[in-house]
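J.: sharing a sequence plus its predicted fold:
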Amino acid sequence: MASEIIIYSDGASSGNPGPGGYGVVLISGKHRLEKSEGFRLTTNNRMELLGVITGLEALKKGNSKVVVYTDSKYVVDAVEKGWVFMWESKGFKKKKNPDLWIRFLKIYRKHTVKFIWIKGHACNPENEICDRLAVEASKSSVLTEDAGFTPGSEDNMLF
């Protein structure tokens, strides 16, 4: 396995739902990559999860050892407490964001990933950068459609 890869991720939305974005910082040795994208109508939790997904999808080599730092209890607890695997076994029935959780699990299983929750807006430099990237992306003049988000559907289900 290669050296450990660090991913910091954050999501934001102005309104819930509303315009949103994610910001990601990937660090591996002396290498660094920052990514962000904004969406016209989405939710904060979708952006938190999409940030993590995008970070993992940016990895060029499989079987990487990855530590993800995020201020999203939604993401950390779903993975570290095993909830997402239970949701998967039940076909994500009555769970929010199944499209993103399915996408997450596909890339998550290609690596060894550990999640660490960090308090948001607590002067963690990389988390602050991710927050800035996410907010700026959500305010961009060019916003993408979040195809998996269905306005007015609290469950946001695929099935």
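T.: Great, that's in hand. Numbers count the residues shown, from 1 in each chain.

J.: what packs against the helix or strand where L105 lies?
T.: Following DSSP states H and E, one finds L105 within helix 98-108. The contact analysis (3 or more CB pairs under 8 Å, 6 or more residues apart in numbering; DSSP states H and E) places helix 98-108 against helix 44-57, helix 83-89. C-beta here means a position set from N, CA and C on the backbone, and glycine is covered the same way.

J.: out of those, which gets nearest to N97?
T.: With distances scored as CB to CB, the stretch of these nearest to N97 is helix 44-57 (5.7 Å).

J.: sorry, back to before: mean pLDDT, distance to Y74 and mean neighbour count for the helices and strands packed on helix 98-108 - can I get that in a markdown table?
T.: Converted to a markdown table, those look like this (pLDDT from 0 to 100; distance: least, CB to CB, whole Å; neighbours: other CB atoms under 10 Å):
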| stretch | mean pLDDT | distance to Y74 | mean neighbour count |
| --- | --- | --- | --- |
| helix 44-57 | 98 | 5 | 24 |
| helix 83-89 | 97 | 10 | 14 |
